[in-house]
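>>> Need coordinates for the below:
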Amino acid sequence: MARLSTRSRVRSRGQPGAGQVGSYLTTLGITDGKSIVERGLQLRVNAQPVGPQPAIVLTPSFPAIPGQPVAITVLADAFSAVAVRTLTLDGVALALDANGRVLFTAPATGLYHLVATATDLDGFTSTTTSTLRVRDPLDQSAPQVRFDPGVGGSRVTNTIVIGGSIVDSNLESWTLEIARSGGHAFRAALRRASGPVTGTLATLDPSRFAPSFYELRLTATDIAGRSAQVSTDVELDPAALRAASSAPSPISPRPSAARRSPSPGALSLVQRVRHGQLRRGVGRLSGATCASTPTCLRPDRKPPVSSTRCASAHG
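Have a look, this model is predicted:
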């Protein structure tokens, strides 16, 4: 225990290791020799920097109407206490009071993007976002959604355009999803958007999916929270496109070249012998040709004789 005067300071330093991640409770005591005062101090070791945790609270929490004041409060919690809080609405900074609150009156219907930041005493900053919804009090119906007539029941072998429409005067968002028919969960979103659309909703490439029957689902939600949904079935068969592209193209047969007998001078020794055997029925061999070969055949198809005997026989 350290004894401190009214102007004394005690500083303790340490470098925690990776195995010391966690929270530690330390007791600090001060005494004047007669009495002692003790306070607890919590120390926390983090593996990574941890900033404050901000949050945006809207009052009322449900969608407002134009001209209605909305209280926007920025709450934040930090281990080392919060030093600064800020708020922007569609990129414009709003001044917060000491409690981190501001009153905002929306001039028109729509969606207003809120961004809040909080900075703690250690200098770490964190950000959070939210949306202020201002609905149209004259809009009493849900969005109108539909697919074009040619989409449902089609067999898709190549990339196509999915047509349809989403109509609403106070639309918040819409989503086009796809899933296998038969109760499979919708996990693949072809497109998400926030504005009304008439015409092209998305493009569908069947090569991204296994051949099967699929369900397309179009969902739209307005600012007041009303939703509408429509679905249709299609067959995706990218294998048909691959089979058509891999089919061999017709090729006209190449004319065969006329078969010619090689000249005896271009043949090897054994080939010339065989060539002479093939041509033995054509006619009598000349003396020069017969003399240039080691063996020859008699015109009367008798067994071959030596070149010397053949020359004497033809002489």
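>>> any idea how the chain splits into domains?
53-134, 144-244, 266-314 (automatic domain parsing).
>>> The ones you listed: lowest mean pLDDT?
Mean pLDDT is lowest for domain 266-314 among the domains of the chain, at a mean of 47.
>>> can I get the domains of the chain in TSV with mean neighbour count and distance to residue 27?
Any C-beta I mention is one placed from the backbone N, CA and C, and that applies to glycine too. Formatted as TSV, the domains of the chain follow (neighbours: other C-beta atoms under 10 Å; distance: least, C-beta to C-beta, whole Å):
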stretch	mean neighbour count	distance to residue 27
domain 53-134	15	19
domain 144-244	16	53
domain 266-314	13	108
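>>> Same list, those domains, but as TSV with distance to residue 20 please.
Shown next, in TSV, are the domains of the chain (distance: least, C-beta to C-beta, whole Å):
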stretch	distance to residue 20
domain 53-134	16
domain 144-244	42
domain 266-314	90
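>>> May I have stretch 101-116 as CSV, with CA atoms only?
Taking Å, rounded to 0.1, in the frame of the first residue of the first chain, the C-alpha atoms of stretch 101-116 are listed here in CSV:
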residue,chain,number,x,y,z
ARG,A,101,-31.1,14.0,-28.3
VAL,A,102,-32.5,16.1,-31.1
LEU,A,103,-36.1,16.8,-32.4
PHE,A,104,-36.6,16.5,-36.2
THR,A,105,-39.7,17.3,-38.2
ALA,A,106,-39.9,15.6,-41.6
PRO,A,107,-41.1,17.9,-44.3
ALA,A,108,-42.2,15.1,-46.7
THR,A,109,-42.8,11.3,-46.9
GLY,A,110,-39.9,9.0,-47.6
LEU,A,111,-36.9,7.4,-45.9
TYR,A,112,-34.3,9.4,-44.0
HIS,A,113,-30.9,7.8,-43.4
LEU,A,114,-29.4,8.3,-39.9
VAL,A,115,-25.7,7.7,-39.0
ALA,A,116,-24.6,8.0,-35.3
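>>> which residues touch it?
54-56, 64-74, 85-91, 94-96, 127-136, 170, 172, 194, 223 (C-beta atoms under 8 Å, 6 or more residues apart in numbering).
>>> Run the chain-centre distance for it.
Distance of stretch 101-116 from the chain centroid (C-alpha atoms, centre = their mean, to the nearest Å) equals 33 Å.
>>> tell me the helices in the chain, going along the chain?
238-246, 269-278, 287-291, 307-314 (DSSP state H).
>>> Report the contact partners of residue 136.
By C-beta under 8 Å, 6+ apart, the residues touching residue 136 are 65, 109, 169, 170, 223, 224.
>>> ok so, going back, of all the domains of the chain, which one is nearest residue 15?
domain 53-134 (16.6 Å; C-beta to C-beta).
>>> Work out the gap between the closest one and the centre of the chain.
33 Å.
>>> From the opening residue of that domain to its closing one, how far?
In domain 53-134, first residue to last residue: 26 Å (C-alpha to C-alpha, to the nearest Å).
>>> Next, format the contacts of residue 136 as CSV and append distance to residue 32.
Formatted as CSV, those follow (distance: C-beta to C-beta, whole Å):
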residue, distance to residue 32
65, 64
109, 67
169, 74
170, 70
223, 65
224, 67
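>>> Which of these lies at the shortest distance from residue 122?
Distance ranking of those against residue 122, using C-beta to C-beta, places residue 223 first at 39.4 Å.
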